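Curious how this folds, go ahead:
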Amino acid sequence: MEIEKEAENILNKFSDVLDKIPDLEETQYIVDNLNRTREDVQKDNNPEKILRNARVDKQGSVVAEKGKWTK
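Below is the predicted model of the structure:
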């Protein structure tokens, strides 16, 4: 019974706070940048730049971590 009284008290306080919130008109924003697209542009592929941060073994092979989901 005590929990019900506390819950009712909380709901009454919440209701009082909601009554104090002023009524405002809705605001709508019209955005004209929907579905904007851009041209596909191929960037220069530079393997040296890609491999710069890769770990490489003595034979020059890239060392990569095996996927954790594989057995």
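
From here on, just use CA atoms for contacts and neighbour counts.
Will do.

And the residue of the chain positioned farthest from its centre, how close does it get to residue 24?
Most distant residue from the mean C-alpha position of the chain: residue 1, 43.2 Å away (Cα atoms, centre = their mean). Residue 1 is 39 Å from residue 24, where distance means Cα to Cα, to the nearest Å.

Mind giving me the packing neighbours of the lengthiest helix in the chain?
When every helix of the chain is counted residue by residue (DSSP state H), the longest turns out to be helix 2-20. Contacts defined by 3 or more Cα pairs under 8 Å, 6 or more residues apart in numbering; DSSP states H and E place helix 2-20 against no helix or strand at all.

ok now it, how far from the chain's centre?
A distance of 35 Å separates the centroid of the chain from that of helix 2-20, by Cα atoms, centre = their mean, to the nearest Å.

pLDDT score for residue 33?
If you check residue 33, the pLDDT there is 67.

Break down the chain into its strands, ranges please.
Using DSSP state E, the strands of the chain run over residues 55-56, 62-63.

got the contact list for the last one?
The one in question is strand 62-63. Identification of contacts with strand 62-63 by Cα atoms under 8 Å, 6 or more residues apart in numbering yields 54, 55, 56, 57.

10 Å instead, please
The contact list for strand 62-63 (Cα atoms under 10 Å, 6 or more residues apart in numbering) reads 51, 54, 55, 56, 57.
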